[in-house]
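**Q** Attaching a predicted model along with its sequence, questions to come.
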Amino acid sequence: MKSQKSGRRSGRSKKKLTPRELAWEKIFKKHQVLKRVNDFGYCDLTSAQLKEFYEPRLLVKFDHSKDLPRGWQKQELGIITVSDKLWRIGCFSTFASLPPWAHPTRSTPNFSIPRGLESLSVSLITGEGAVMNAALASGILGDFCGEELAPTITGKGRSGKFSFQLTTKLGIQQVIVDSAQIEVDAGYESASALWLFEAKRRLEDDFNLRQLYFPYRAWSQRVSKTIRTVYLSYSNQVFDLYEFEFKSPTEILSGTLTRHQQYVLGDFHLPGVKGIGAVKRRRRASERPRELPSLPVPSPQADDFGKVIALVEALCQAPLSVAEIAEEYGFDERQADYYF
């Protein structure tokens, strides 16, 4: 494993450290985290140890790999919740990659929110709760699950006690979880299964498997029906539903993407070739010829159009500075400027 010093030499090293990153640097130094990981395979930290430097709840919230403090990925470090007052750091990753986002086509299923609903519309979908309500009311969830669903679970709870295997760079570890906090954005019961959903209001490259695995293990001990877990994202009137199956129930990293389906919500018109050509001709006619600079001009490094869409939607909700955009999406500030 590389030293903490070398880990700082990442692509984001020139960016100013956030308060959370500064807190982690102090924690690593005081508690000799890297040494303990190298010597014992992991380092456990309590809420009291974390609270000395920062709010524990905010310190350990890593929903996506880009949220990790700089250097962690290079050092191959990850963190897992053990209980509501204990976390474990080691050489592992619990993030699952998502397929690159693709624009819907004319064959993509289209659903609409039923007429007559005044409190639910496309313009009012601003949070995960509204996302799940829209998916259910429009019939998208029923189509994806193939069954009649009854909403039964939402919000935070406790995991109960269970153990699982975690494959690390230094070998397989047995982790015992006891009363860790879990959260289910929405849970629906059908005749044959309990469907647990993790919802996001934006597009991401990956997500933390813990968000599905811990609820999966907790509810596996409470109901006899099959537990099915789905990661759902909503952006630009498009739903993407990804079903993950844990091939080995006692291994968190056995989570595998088994199905992906995209849906369009409401009126969403895709331009044809003629329409695109007409826009292009109008743009050319309206532009005045101008000379380009003689010096080489770098190409903008905004190569993920899904993030462009997500950024537009985020800016519709509230203004963001370049620094805030960089922090939110895991860019350096120059790349955030390109996306803006």
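**A** Yep, that arrived.

**Q** Next, count neighbours for Lys200.
**A** 21 (other CB atoms under 10 Å). Any C-beta I mention is one placed from the backbone N, CA and C, and that applies to glycine too.

**Q** Report the buried residues of stretch 112-128.
**A** 113, 120, 125, 128 (16 or more other CB atoms under 10 Å).

**Q** Which of those residues fall within helices?
**A** Per DSSP state H, helices hold the following members of these: Glu128.

**Q** Would you point out which residue is most central in the protein?
**A** Relative to the mean C-alpha position of the chain, the nearest C-alpha, by CA atoms, centre = their mean, is the one of Phe207, at 3.8 Å.

**Q** How about the contacts made by that one?
**A** 63-64, 95-96, 98, 198, 200, 231 (CB atoms under 8 Å, 6 or more residues apart in numbering).

**Q** got TSV for the buried residues of stretch 112-128, with pLDDT and distance to Ala336 too?
**A** Converted to TSV, the buried residues of stretch 112-128 look like this (pLDDT from 0 to 100; distance: CB to CB, whole Å):
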residue	pLDDT	distance to Ala336
Ile113	96	33
Leu120	94	33
Ile125	91	25
Glu128	93	24
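
**Q** Which pLDDT value does the model give Lys5?
**A** On pLDDT, Lys5 comes in at 43.

**Q** average pLDDT for the helix or strand harbouring the residue nearest to the centre of the chain?
**A** Element membership of Phe207, judged by DSSP states H and E, is strand 206-208. Over the span of strand 206-208, the pLDDT mean works out to 97.

**Q** now stretch 312-332
**A** pLDDT averaged over stretch 312-332 gives 72.

**Q** now it, how far from the centre of its chain.
**A** Computed by CA atoms, centre = their mean, to the nearest Å, the chain-centroid distance of stretch 312-332 equals 16 Å.

**Q** And stretch 174-190, by the same measure?
**A** Mean-position distance between stretch 174-190 and its chain equals 17 Å (CA atoms, centre = their mean).

**Q** cool, and stretch 24-41?
**A** Taking mean C-alpha positions (CA atoms, centre = their mean), stretch 24-41 and its chain are 27 Å apart.

**Q** For that stretch, buried residues please.
**A** 24-25, 27-28, 31, 33-34, 36-37, 41.

**Q** quick one: which two of those are the most distant?
**A** Glu25 and Gly41 (22.1 Å; CB to CB).

**Q** hmm, back to that, okay, the buried residues of stretch 24-41 in JSON lines with pLDDT next?
**A** Formatted as JSON lines, those follow (pLDDT from 0 to 100):
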{"residue": "Trp24", "pLDDT": "97"}
{"residue": "Glu25", "pLDDT": "96"}
{"residue": "Ile27", "pLDDT": "98"}
{"residue": "Phe28", "pLDDT": "97"}
{"residue": "His31", "pLDDT": "98"}
{"residue": "Val33", "pLDDT": "97"}
{"residue": "Leu34", "pLDDT": "96"}
{"residue": "Arg36", "pLDDT": "97"}
{"residue": "Val37", "pLDDT": "96"}
{"residue": "Gly41", "pLDDT": "94"}
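
**Q** which one of these sits closest to Tyr216?
**A** Nearest to Tyr216 out of the buried residues of stretch 24-41 is Gly41 (CB to CB; 25.2 Å).

**Q** Give me the nearest residue to that closest one, chain neighbours excluded.
**A** Nearest residue to Gly41 in three dimensions, chain neighbours excluded: Leu170, at 4.6 Å (CB to CB, 6 or more residues apart in numbering).

**Q** For burial, what's the neighbour tally of the one you found?
**A** 16.

**Q** so what's Thr167 up against?
**A** 92, 251, 253 are the contacts of Thr167 under CB under 8 Å, 6+ apart.

**Q** do that again at 10 Å, thanks
**A** 91-93, 173, 251-254 (CB atoms under 10 Å, 6 or more residues apart in numbering).

**Q** Quick one: which of these is the most crowded by neighbours?
**A** Ile252 (26 neighbours).

**Q** my guess is that one contacts Gln174, does it?
**A** No. Shown here, Ile252 and Gln174 do not form a contact pair, counting by CB atoms under 10 Å, at 11.8 Å.

**Q** Can you check which residues contact both of those two?
**A** Joint contacts of Ile252 and Gln174 (CB under 10 Å, 6+ apart) are 164-166.

**Q** ok, of those, which come out buried?
**A** 164, 166.

**Q** which among the shared contacts of Ile252 and Gln174 gets closest to Leu17?
**A** Nearest member of the shared contacts of Ile252 and Gln174 to Leu17, counting by CB to CB, is Leu166, at 28.4 Å.

**Q** Excluding sequence neighbours, find me the nearest residue to that closest one.
**A** In space, Leu166 is closest to Gln173, 4.8 Å off (CB to CB, 6+ apart).

**Q** which parts of stretch 79-96 are buried?
**A** 79-83, 85, 87-96.

**Q** before we move on, the earlier item: parallel or antiparallel, list what pairs with the strand holding Phe207.
**A** Strand pairing for strand 206-208, using DSSP bridges, gives strand 95-97 (antiparallel).
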